[in-house]
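Engineer: got a sequence here, can you build the structure:
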Amino acid sequence: MRIERKKTWIEKLAGVKFLPLGTRQAFILAAMLLPALFQWGCAGIVGQSTQQAPPPPPTYSLSGTITPAAGGNGTMVTLSGAASASSMANSSGAFSFLGLKNGTYTLTPSRTGYTFSPTSQNVTVNGATVTGVSFTATQQVNPTYSISGTITPTAGGNGATVTLSGTANGSTTANSSGAFTFSGLANGSYTLTPSRTGYTFSPTSQNVTVSGAAVSGVSFTATQQVNPTYSISGTISPTAGGSGAKVTLNGAASATTTANTSGIYTFTGLSNGTYAVTPSLAGYTFSPTSQSATVNGANVTGVNFTATVQVNPTFSISGTISPTAGGSGATVTLSGTASGSTTSNGSGVYTFTGLANGSYTVAPSNSGYTFTPVNQSVTVNGANVGSVNFTAAVQQAHSATLSWTASTSTVSGYNVYRGTVNGGPYTLINTSLLTALSFMDTNVTSGATYYYVTTAVDSSGNESVDSNQVTAVIP
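Structural biologist: Numbers count the residues shown, from 1 in each chain. The predicted model follows:
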């Protein structure tokens, strides 16, 4: 028995004799390549893969209502925490925030003229929408507002004191960012003044008007002082006596200022040293009458006074005699409704106090000096009178020299008489009988006019009639 191998389909194809040689070769080549092409195609199909992006994390909403609608309508609701946003409640007081991820949020409503209960709420979004966050709005009977601002840079703003005066008074300290706020303020006009030792501020103060809304953005710029100066401040109370009071500073520096409508006064730009502070206002006395304040590397505050209205008010007359060489130590005499005298101080300043309304004459005098004017008339009428000033001039030595013709009779000597009125009366001015035919009168005053006569005296003491009168005008 003979066993034969079975031919493959390719061998059978190659043995077909009726096909042309080229066609048979093409069939054989295709048969050989077909398995390889099949394997490549299958590998391409099997090897291909498609990756899809993961779905975005879910977001949720947060909503609520502010009642009643009158207070909720138009209320601004602020969202803070895991995200920040704001939403205005509609006419029904409803508000909502969309697209929120899981997290903790704080909701805070605000509207001018309203308060809210609670003032804010914390809400946690955790895989579901949050609804029913409710607030109650209450209209303010007497609404109040705020004034806020910033002092820059923070190095100068941090810890600065900001003083509020005007319709209300107060003070606050700027925080570490230089921000400050005054709250609970009624409508009105206010003045804000920043201060901090070692710094100056621009502007030095600002006027702010509150009119139905909060005021923000009140800004100041702090500049560190190279050579720092300081201030002295205080209050005169009650305001009836403090408002408009004049406050005088003496000592290491001199200045005056006027207390504001709240009785507050301030002296700025002061170097270290000791000062005296003295208030004054017509019709008032002050306790204490003055105070000493020492500046030593810091502002001095709280130099306060109490004003008391006078039942029978008195006033003052004051002035200066210059230059100080002639003014210092001069005697100033007061006459008229009241009389008195005082001595000017080392600066030539003098003052008469405790004077009632009336007419007065003030006249200075000082040995070796003349004064212009010689005196001044002053009327006190419900207020102090200042600047009654004089000018002192060194007195020049003046004299009047007299001479006469000898008597034709035998005489022992002569007398000289002087008057200030033409025609007499006259006063004897020589202390002993004159034997010479001349005399010098040195006791004369500049600007005065004198009238002179002489007489002859014999050995028995008999005195002749007066000679003719002569006149001397002293320059």
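Engineer: ranges for the strands of the stretch 301-450 of the chain?
Structural biologist: Applying DSSP state E, counting those that start in this stretch to the stretch 301-450 of the chain gives strands spanning 305-309, 315-322, 331-336, 340-343, 349-355, 358-365, 369-372, 376-380, 390-394, 400-403, 413-419, 427-428, 438-441, 449-457.
Engineer: swap that for the stretch 151-300 of the chain, sorry
Structural biologist: 161-166, 170-173, 179-185, 188-195, 199-202, 206-210, 215-224, 230-237, 246-251, 255-258, 264-270, 273-280, 284-287, 291-295.
Engineer: pick the most buried one from the ones you listed.
Structural biologist: Highest mean neighbour count among the strands of the stretch 151-300 of the chain (mean count of other CB atoms under 10 Å): strand 230-237, with a mean of 21. For the C-beta atoms, the positions are set from N, CA and C on the backbone; glycine is no exception.
Engineer: in contact with Gly166, which residues?
Structural biologist: Gly166 sits next to 188-191, 262 when contact means CB atoms under 8 Å, 6 or more residues apart in numbering.
Engineer: distance from stretch 249-269 to the middle of the chain?
Structural biologist: Counting by CA atoms, centre = their mean, to the nearest Å, stretch 249-269 is centred 12 Å from the centre of its parent chain.
Engineer: look up how far Ser290 lies from the closest residue to Asn304 other than its chain neighbours.
Structural biologist: Ranked by CB to CB, 6 or more residues apart in numbering and with sequence neighbours excluded, the top spatial neighbour of Asn304 is Gly234, at 4.7 Å. To Ser290, Gly234 is 12 Å away according to CB to CB, to the nearest Å.
Engineer: dig out what the nearest residue to Gly156 once chain neighbours are set aside forms beta bridges with.
Structural biologist: Excluding the flanking residues, the one nearest Gly156 by CB to CB, 6+ apart is Ala222, at 2.6 Å. Ala222 forms beta bridges with Phe201, as assigned by DSSP bridges.
Engineer: oh, and call the first residue 730 from now on, that's how I've got it
Structural biologist: Okay, residue one is now 730; in that scheme the one you just asked about reads as Ala951.
Engineer: touching, Ala951 and Ala889? I think so.
Structural biologist: Yes. The pair formed by Ala951 and Ala889 meets the contact definition of CB atoms under 8 Å, at 6.6 Å.
Engineer: identify the contacts common to these two.
Structural biologist: With CB under 8 Å, 6+ apart, Ala951 and Ala889 have common neighbours 880, 907, 923, 925, 928, 930.
Engineer: want to throw those residues into TSV with distance to Ser1141 and pLDDT?
Structural biologist: Listed next are the shared contacts of Ala951 and Ala889 as TSV, based on distance: CB to CB, whole Å; pLDDT from 0 to 100:
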residue	distance to Ser1141	pLDDT
Ile880	96	98
Gly907	100	97
Pro923	91	97
Arg925	91	90
Tyr928	90	89
Phe930	89	96
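Engineer: could you dump those to CSV with distance to Gly970?
Structural biologist: CSV is the format used below for the shared contacts of Ala951 and Ala889 (distance: CB to CB, whole Å):
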residue, distance to Gly970
Ile880, 34
Gly907, 37
Pro923, 28
Arg925, 31
Tyr928, 33
Phe930, 30
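Engineer: now do Ser1076 against Asn979, distance only.
Structural biologist: With distances taken as CB to CB, Ser1076 is found 10 Å from Asn979.
Engineer: nope, Ser1128 is what I was after
Structural biologist: According to CB to CB, Ser1128 and Asn979 sit 43 Å apart.
Engineer: neighbours around Trp1072, how many?
Structural biologist: Not quite, residue 1072 is Thr, not Trp. Counted by other CB atoms under 10 Å, the residues lying close to Thr1072 total 11.
Engineer: what sits opposite it in the beta ladder?
Structural biologist: Beta-bridge partners of Thr1072, as defined by DSSP bridges: Thr1060.
Engineer: my guess is it meets Thr1060, correct?
Structural biologist: Yes. Between Thr1072 and Thr1060 there is a contact under CB under 8 Å: 5.9 Å.
Engineer: tell me the contacts of Asn916?
Structural biologist: 874, 896, 939-941.
Engineer: ok, back up a step: can you pull the contacts of the residue nearest to Gly885?
Structural biologist: Neighbouring residues of Ala951 by CB under 8 Å, 6+ apart: 880-882, 884-886, 889, 907, 923, 925, 928-930.
Engineer: what bits of the stretch 930-1079 of the chain have low per-residue confidence?
Structural biologist: Nowhere does the stretch 930-1079 of the chain drop to pLDDT under 70.
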